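Trainee: how would this look folded up:
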Amino acid sequence: MKSLILKIFFLFVVLVVNISAKNIDSITNSHWETLHLYHGENQKAGPFAFDDNYVEFEFGGRYEWLDLYGYIDFIDALNSSTSDKHGQNNFFVDIEPRISIDYLTNTDLSYGALQELFIAFDIYYADEPNGNGLKIVWMGLGSDIDIPWLGKSGVNFYTRYVEENYGASNENSFDGYVAHINWFKPIYNFTDSRFLSFQGYLDYEFGSDLDNNSFERQYRTSDSLQSYLGLWVHDKKWTAGYGLKVYKDMTQWKDGEVLNNKETKTSGYAHYFNVGYKF
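Mentor: Numbering: from 1, shown residues only. The predicted structure follows:
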């Protein structure tokens, strides 16, 4: 099996089915799925900014040892000629499994604000018919931490393995690290079933060695930051939201350089509007 992503997945499937686990009654099993339609303005995911409408299937839940979050994006979902992504690759996947160390060891590892420890992964995949696409695995230590005001938040630290990165020189290597935090904070109740939430995440990727040729030394960076800050209204079956996304050298592209007679735009802000249906 050539794909490192599949090797890691099957390795941990074998591991978890052979280890004694904590009593199932101590875990509340759950799952959820939401289908969103997004409109994004001034988005950044590559050297140039773009506008687009896309559909996102988002899912998550908990089952015994497995804590799972993920989404699948279908870019240019309205097949609009006005989309900056019209006619391009339109498929992106992000899957974030975490395996509970507390559960596998049958040990309560909580201490103070720390609620639970995990073996954490984040798997990115995007196909590219005409060359290398994107296959990246983050792997490391995860945790749930009770942060003042925000409440229970996911705080993870990863190392990165890059299998494919659109042909960049760091392919097939461990390259850099990631500090990650995500949160979901209800801040106002309109009714028993309708509320306003502040939700989002922050990723800081650093320590990369993406400067192995003259092109990369001019156009790429060793670090990258992105953060999504969202205000969403939730009801039993529907949700609607606005998100401000903040970038610094997104996907390790330098901001303000001239590439193919265009200025790179990888730092600054983007605006996201969405409506969603909860299954």
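Trainee: With adjacent residues omitted, what lies nearest to Phe206?
Mentor: In space, and not counting its chain neighbours, Phe206 is closest to Asp223: 4.1 Å by C-beta to C-beta, 6 or more residues apart in numbering. Heads up, the C-betas are built off the backbone N, CA and C, glycines and all.
Trainee: what about that neighbour, distance to Leu150?
Mentor: Distance, Asp223 to Leu150, using C-beta to C-beta, to the nearest Å: 24 Å.
Trainee: Can you show me the strands along this structure?
Mentor: Using DSSP state E, the strands of the chain run over residues 30-44, 49-63, 66-74, 91-100, 114-126, 134-147, 151-165, 173-189, 195-206, 224-234, 238-248, 258-259, 262-263, 268-278.
Trainee: Out of the ones you listed, which gets nearest to Glu216?
Mentor: Distance to Glu216, taken as C-beta to C-beta, is lowest for strand 151-165 among the strands of the chain, at 11.0 Å.
Trainee: where's the nearest residue to Ile101 once chain neighbours are set aside relative to Gly70, distance?
Mentor: Of all residues not flanking Ile101 in the chain, Leu117 sits nearest, at 4.3 Å (C-beta to C-beta, 6+ apart). Leu117 is 21 Å from Gly70, where distance means C-beta to C-beta.
Trainee: now do Gln218
Mentor: From Gln218 over to Gly70 the distance is 35 Å, taken as C-beta to C-beta.
Trainee: So for those two, which residue has more residues nearby?
Mentor: With neighbours defined as other C-beta atoms under 10 Å, Gln218 and Gly70 compare such that Gly70 has more, 15 against 12.
Trainee: ok, and the closest non-adjacent residue to the more buried one?
Mentor: Ile95 (4.0 Å).
Trainee: how far does stretch 170-183 sit from the chain's center?
Mentor: Centroid separation between stretch 170-183 and its chain, computed with C-alpha atoms, centre = their mean, to the nearest Å, is 11 Å.
Trainee: Contacts for that stretch next, please.
Mentor: By C-beta atoms under 8 Å, 6 or more residues apart in numbering, the residues outside stretch 170-183 that reach it are 122, 132, 138, 140, 147, 150-151, 153-165, 198-210, 212, 222-223.
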